[in-house]
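> what's the 3D shape of this:
(chains A, B and C)
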Amino acid sequence: MRTLVRYLIPLSLLMATALSFAFLDMQATALFSPDGLSQMGDYARGFLRPDLSAGHLRSVAWAALETLAMSALGTLLAAVMGLALALPAAGRFGVAARALARLILNALRAVPELVWAALMVLAAGLGPNAGTLALALHTAGVLGRLFAEALENAPRPPGEALRLAGSGRIAVFCYGVLPGLWPQLLAYTLYRWENNIRMASVLGFVGAGGLGQMLYMSLSLFQEAQASTVMLVMLLMVLAVDALSGWARQRWVRR
Amino acid sequence: MLNARHATDPAALPRLMLTIAAVALLWPGLMLSELNPLVLFDEDNRRTMGGFLAGFWPLAHDPEFLRLLGRATLETLAIATAGMALALLIALPASLLASRALSRSAASREGRSAWWSQALRWPARTVLIVLRSVPEIVWALLFVRAVGLGPTAGVLAIAIAYSGMLGKVYAEIYESVDPLPARALLGAGSGRLAAFLYGILPQAAAEMLSYGVYRWECGIRASVVMGFVGAGGLGQQMDLSMRMFAGAEVASMLVTFLVLVLLADLISRALRWGLA
Amino acid sequence: MTVRLAGVDYVHANGQAALTGLTLSLDAGECVAVIGPSGAGKTTLLRLLATALRPGSGSLEVLGMSPWTLGGAARQRLRALIGLIHQAPPLPARQRVVTAVLAGRLGQWSLPRSLLSLVYPLDAAGAEQALARLDIADKLYQRCEQLSGGQLQRVGIARVLYQRPELILADEPVSAMDPVLASHTLGILAQEARQQGATLLASLHAVDLALAHFDRVIGIRDGRILFDAPASRVDEQALTALYANRQLAEPLQPMAPMAQALTLPRC
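Residues are numbered from 1 along each chain as shown, chains lettered A, B, ... in the order given. Model (predicted):
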């Protein structure tokens, strides 16, 4: 049985791949013909000379700041919403609330950021506001689930001791549970922020502000030089965030 | 007051400064991101959104739409599969070039390779970094402009972005396995490719396959998202329906997407079990 | 009458009987020690009185009220009058000592005051005073994780002293201290309890400490009271009966497995 599976799986994978190419009917011959290749080459050449004029750089820098602000505010909002949903999802308000909160969290998480952004652009109009809300909604689902897990695994004795000394539920949470928990919550939030910076720079493709919107505009107007600058800045931002988070992880996570 | 020895809280000043700094950063952030959730509850927006959401139920299910939906779903699956196949074609040689595991100079130097051998690996590594640092949807947008709307752009985007990711991960997997078998083979005079096939691949295959399948699962999600910039599949249809405010169609497609992701998760788990 | 137990039974969740037919009463202001071999039910008794556990049968009355007939809010008000000192004080590792001590009065503070005090300690002087009684006022602004086990126990005692409850329950409050410090600390606890007019019930494993600092000593074995007498009347014979034939069995702690995995990028 097992050996049969071993041979069947690679075979079916190859079949699936062949079927996929057949189904898609890619114009590979047209694409990789001398004509197609030279066209691609022309297109690519347009990106080799980024527009580094001061005016353009200033607007790109502004868009980059907007992207950063979107990611930061979106993550912050998501952390607040995630915590608010994680408390019921960790079973602190009964079984019914727990099931409902988990359902909401899963739904928020299952829809990708970009789809949220498209929906938010419909609901709240073009601009960074829609992007920030989209990031907040998806990230709230992700963080809510992580927070709920952390809450469930948090040691109970400190909170119970305070409960036995007559404290209210909120005070117990703030004095007994949060002190042990917040470094973990902060780590999760920062990790998602890192992710969201990357995401915020592409949400603009559906009109949700930031660098993405600028890239989309430039490409629509066939301004490859301007688009190239935006992509360079995106790349720099991603690399900088990667380097920073790698350094921070080395510094604080593994001592 | 009660006690003369009572010193002030040493954390008070840092906490105050932290709060001030946070506010000072948050305020411009708030301005820049124009964050205002209340817009959602604005009279006008509420009416359009209400109409849109009210259309969600019942889900669109007329035969013609279902045929379109089925085709778009198949297209999404095909984009992910074809994209992964191309990505593997690029990633496998690239990972061999980028990995330290097959360094001949390392074999005779207790695992540290010579400077020139590291310098030779740098171009491969840099290319992989650039390939994966540009998000796949940006690649998709670029290819849509180059080859036109449709799934071809999606396939190429996944191939490019995922080859960068897979190349890096595979190179790391080669380096994480026991290096002694490969070094012994290299020392016995076998070629690098043979040393890889006999010394490293047997140890690394399971993890490589498992990660590849996982990436395929990611590819399905990514190909849906990439449709929003015109790279074919379910996402492109969803974008069109959204622009037409066709709530029922959007809802059906969202449900299809969720089912697809769930199925992909199941298949990927089954595959990993079968290949393990 | 501060505490009255009549025919109280308690059975652990695993079916093991912890206390059987326990009858006991404490007058206001009494200082009482509970001694007995480990597993005798001392901790269960204290947790019953702290209203952490609900007795299986029998009647339990604390500070003139029977806690399990009260509503939730009223029970919390009653709990604010009971202070439980834990053997290993469950203090969050990263919490500062000042906050940990101030948390003793959360049952009396309003919510805004509690939350504000979390950011800026509102009654640092009060916390310092409580800590000063136990000679660790210099640890006021340190984190709990920086303290030794004995220092943590003293912080736990300071928290309950700061709470000013009417009933102080102490579960092996000095087990992590050296004999001299343990005796000194226990003396201060008893003295403070008398000064505050509180009733004190402490479980101890060191018989000499119980006899030296407490007026009345209760011996418990296998969930039953073996003797209950003024400290001066506890003799060698009673103690021998209490501790006879006990074998020490320490459960082995399993080692935590070390895991080091490749970090793979997720999508």
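> What helix or strand is whichever residue of the stretch 101-250 of chain B sits closest to chain C located in?
For the stretch 101-250 of chain B, the residue closest to chain C is B:Cys218, as judged by Cβ to the nearest Cβ, at 3.2 Å. Every residue, glycine included, has its C-beta placed from N, CA and C. Assigned by DSSP states H and E, B:Cys218 belongs to helix B:201-226.
> Okay, buried residues for that helix please.
Using 16 or more other Cβ atoms under 10 Å in any protein chain shown as the test for burial, helix B:201-226 gives B:203-204, B:207-226.
> restrict those to those near chain A?
The residues of those that also fall near chain A, by Cβ under 8 Å from any Cβ of the partner chain, are B:221, B:224-225.
> could you dump these to CSV with pLDDT?
Below are these laid out as CSV (pLDDT from 0 to 100):
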residue, pLDDT
B:Arg221, 92
B:Val224, 93
B:Val225, 93
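> ok so, going back, which secondary structure elements does the helix holding B:Cys218 sit against?
Applying 3 or more Cβ pairs under 8 Å, 6 or more residues apart in numbering or on different chains; DSSP states H and E, we find helix B:201-226 packed against helix A:113-124, helix B:63-98, helix B:136-147, helix B:151-176, helix B:233-243, helix B:247-275.
> Flag every buried residue along the longest one.
Meaning helix B:63-98. Neighbour-count burial for helix B:63-98 flags B:65, B:68-69, B:72-88, B:90-91, B:94-98 (criterion: 16+ other Cβ under 10 Å).
> Domain boundaries for chain B, per the record?
B:12-54, B:63-275 (automatic domain parsing).
> and C:Leu22, which of the ones you listed is closest to it?
Within the domains of chain B, the stretch nearest C:Leu22 is domain B:12-54; the backing value is 48.8 Å (Cβ to Cβ).
> In a markdown table, list the ones next to chain A among the buried residues of helix B:201-226 along with distance to A:Asn195.
Shown next, in a markdown table, are these (distance: Cβ to Cβ, whole Å):
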| residue | distance to A:Asn195 |
| --- | --- |
| B:Arg221 | 14 |
| B:Val224 | 18 |
| B:Val225 | 14 |
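> And these, which is closest to A:Thr229?
For those, the nearest to A:Thr229 is B:Val225 (24.4 Å; Cβ to Cβ).
> Okay, now the unreliable bits of the stretch 101-250 of chain B?
Residue ranges of the stretch 101-250 of chain B with pLDDT under 70: B:106-114.
> How about A:Gly176, nearest residue that isn't a chain neighbour?
Leaving aside its sequence neighbours, A:Gly176 sits nearest to A:Gly159 (Cβ to Cβ, 6 or more residues apart in numbering or on different chains; 3.4 Å).
> quick revisit: same list, the buried residues of helix B:63-98, but only the ones touching chain C.
Of those, not one also sits near chain C (Cβ under 8 Å from any Cβ).
> Now A:Ser218: which helix or strand?
Assigned by DSSP H and E, A:Ser218 falls within helix A:210-220.
> can you map out the strands along the chain?
Picked chain A for this. Taking DSSP state E, chain A contains no strands at all.
> look at chain C instead
For chain C, the strands defined by DSSP E cover C:3-11, C:17-26, C:31-35, C:57-62, C:82-85, C:167-171, C:199-204, C:216-221, C:224-230.
> angle of the third one against strand C:216-221?
Angular relation of strand C:31-35 and strand C:216-221 on a 0 to 180 degree scale: 20 degrees, by axes from the mean of the first three to the mean of the last three Cα atoms, to 10 degrees.
> Name the residues that touch the lowest-mean-pLDDT helix or strand in chain C?
Taking mean pLDDT, DSSP states H and E as the measure, chain C has helix C:236-243 as its least confident helix or strand, at a mean of 87. With contact meaning Cβ atoms under 8 Å, 6 or more residues apart in numbering or on different chains, helix C:236-243 is reached by C:35-37, C:207, C:219, C:221, C:226-227, C:229.
> Out of the residues you listed, who's the most crowded?
C:Ile35 (27 neighbours; other Cβ atoms under 10 Å in any protein chain shown).
> Local confidence estimate at that one?
At C:Ile35, the pLDDT value in this model is 92.
> B:Ala157 versus the residue nearest to it when sequence neighbours are not counted, what's the distance?
Using Cβ to Cβ, 6+ apart and skipping the chain neighbours, the partner closest in space to C:Ile35 is C:Ala210 (5.1 Å). Applying Cβ to Cβ, to the nearest Å, the value for C:Ala210 to B:Ala157 is 77 Å.
> And those two? Which one has more around it.
More crowded of C:Ala210 and B:Ala157, by other Cβ under 10 Å: B:Ala157, with 28 against 23.
> Relative to B:Leu86, how far out is that one?
With Cβ to Cβ as the criterion, B:Ala157 and B:Leu86 are 10 Å apart.
> ditto for A:Met40
In this view, A:Met40 and B:Leu86 are 16 Å apart by Cβ to Cβ.
> Now do the contacts for the residue lying closest to B:Ser223 once chain neighbours are set aside.
Closest residue in space to B:Ser223, ignoring its immediate chain neighbours: B:Ile79 at 4.2 Å, by Cβ to Cβ, 6+ apart. B:Ile79 is in contact with A:20, A:24, B:151, B:154-155, B:158, B:219, B:223, B:226, B:231-233, counting by Cβ under 8 Å, 6+ apart.
> And the pLDDT for B:Ile79?
pLDDT, read off for B:Ile79, is 94.
> likewise the one 4 residues further on?
You'll see B:Gly83 listed with a pLDDT of 94.
> ok, and the closest non-adjacent residue to it?
Here the residue nearest B:Gly83, using Cβ to Cβ, 6+ apart, is B:Ile158, at 2.7 Å.
> pretty sure that neighbour is touching B:Arg221, no?
No - using Cβ atoms under 8 Å, B:Ile158 makes no contact with B:Arg221, being 10.9 Å away.
> Redo the strands of chain C as CSV? Include distance to B:Asn45.
What follows is the strands of chain C, written out as CSV (distance: least, Cβ to Cβ, whole Å):
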stretch, distance to B:Asn45
strand C:3-11, 60
strand C:17-26, 62
strand C:31-35, 68
strand C:57-62, 58
strand C:82-85, 55
strand C:167-171, 59
strand C:199-204, 64
strand C:216-221, 70
strand C:224-230, 72
